[in-house]
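Visitor: here you go, sequence then predicted model.
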Amino acid sequence: MADESKVDVTEFDNPAQDDDKDYKALYEQAISESRKWENRSKANAEKAKKYDELESAKKSLEERVSDIESRNKALEDEKARASLVKQVAANTGVPESIVSTLSATDEETMTAQATAIAENYKTPGGAPKAPEAGKFHKSDDGEIDDKRKFVRQLLGN
């Protein structure tokens with residue numbers, strides 16, 4: 001065990017002295033490799049910019065087409081609803097301005113809603129109901145009031 005405690009210093013030589021490698025040459029080789037890749041990346045940078053511009057233009061073109069298609073669909077839906085409103089208004093007799101405010105989206109439901117409106121707000125025929133029509137207030141002492149007297153005198157009754 002005494003042998004192990006004593007370490008031979010010559011075993012651990014200085015790597016810079018022993019090494020057969022030429023570090024200056026390795027450094028120069030690494031620099032040249034780095035410059036080669038730098039030049040390649042600079043050459044490809046412009047191509048990458050053009051590619052990115054084309055991709056963004058393509059994307060914006062797709063977005064514009066999508067936007068136009070959605071607007072077209074909205075206009076078609078609006079036109080179909082206007083036609084449906086006109087048809088239901090003609091069938092039920094409810095004005096178009098009222099039918100257009102209904103929440104229904106299909107013909108059956110819209111017709112049912114318009115019919116319910118027409119039935120609930122139908123004006124009865126004839127004169128309006130007035131329970132006190134033709135009656136006049138009498139004075140407190142039971143005599144006919146002054147207006148009624150005047151009318152009777154005027155007409156000679």
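Guide: It's in. Numbers count the residues shown, from 1 in each chain.
Visitor: and Gly93, what are its phi and psi?
Guide: phi 80, psi 0 (degrees, to the nearest 10).
Visitor: that one touches Ile117, doesn't it?
Guide: No. Counting by C-beta atoms under 8 Å, Gly93 stays clear of Ile117, with 9.9 Å between them. All C-beta spots, glycine's among them, are computed from the backbone N, C-alpha and C.
Visitor: so these two - more neighbours on which side?
Guide: More crowded of Gly93 and Ile117, by other C-beta atoms under 10 Å: Ile117, with 18 against 11.
Visitor: name the element that one belongs to?
Guide: Using DSSP states H and E, Ile117 maps to helix 107-120.
Visitor: how about that helix: buried residues?
Guide: By 16 or more other C-beta atoms under 10 Å, the buried positions in helix 107-120 come out as 110-111, 113-114, 117.
Visitor: cool, and stretch 35-52?
Guide: For stretch 35-52, a neighbour-count test (16+ other C-beta under 10 Å) marks nothing as buried.
Visitor: next SSE downstream of the helix or strand containing Asn91?
Guide: Here Asn91 sits within helix 23-92, counting by DSSP H and E. Once helix 23-92 ends, the next helix or strand along the chain (criterion: DSSP H and E) is helix 96-99.
Visitor: which helices and strands sit right next to that following helix?
Guide: Helix 96-99 sits against helix 23-92, helix 107-120, with contacts defined as 3 or more C-beta pairs under 8 Å, 6 or more residues apart in numbering; DSSP states H and E.
Visitor: which one, of those helices, ends up nearest to Arg148?
Guide: Proximity to Arg148 (C-beta to C-beta) singles out helix 107-120 among the helices and strands packed on helix 96-99, at 40.1 Å.
Visitor: just after that closest one, pick out the following helix or strand.
Guide: helix 146-155.
Visitor: show the average pLDDT along that following helix.
Guide: Helix 146-155 shows a mean pLDDT of 81.
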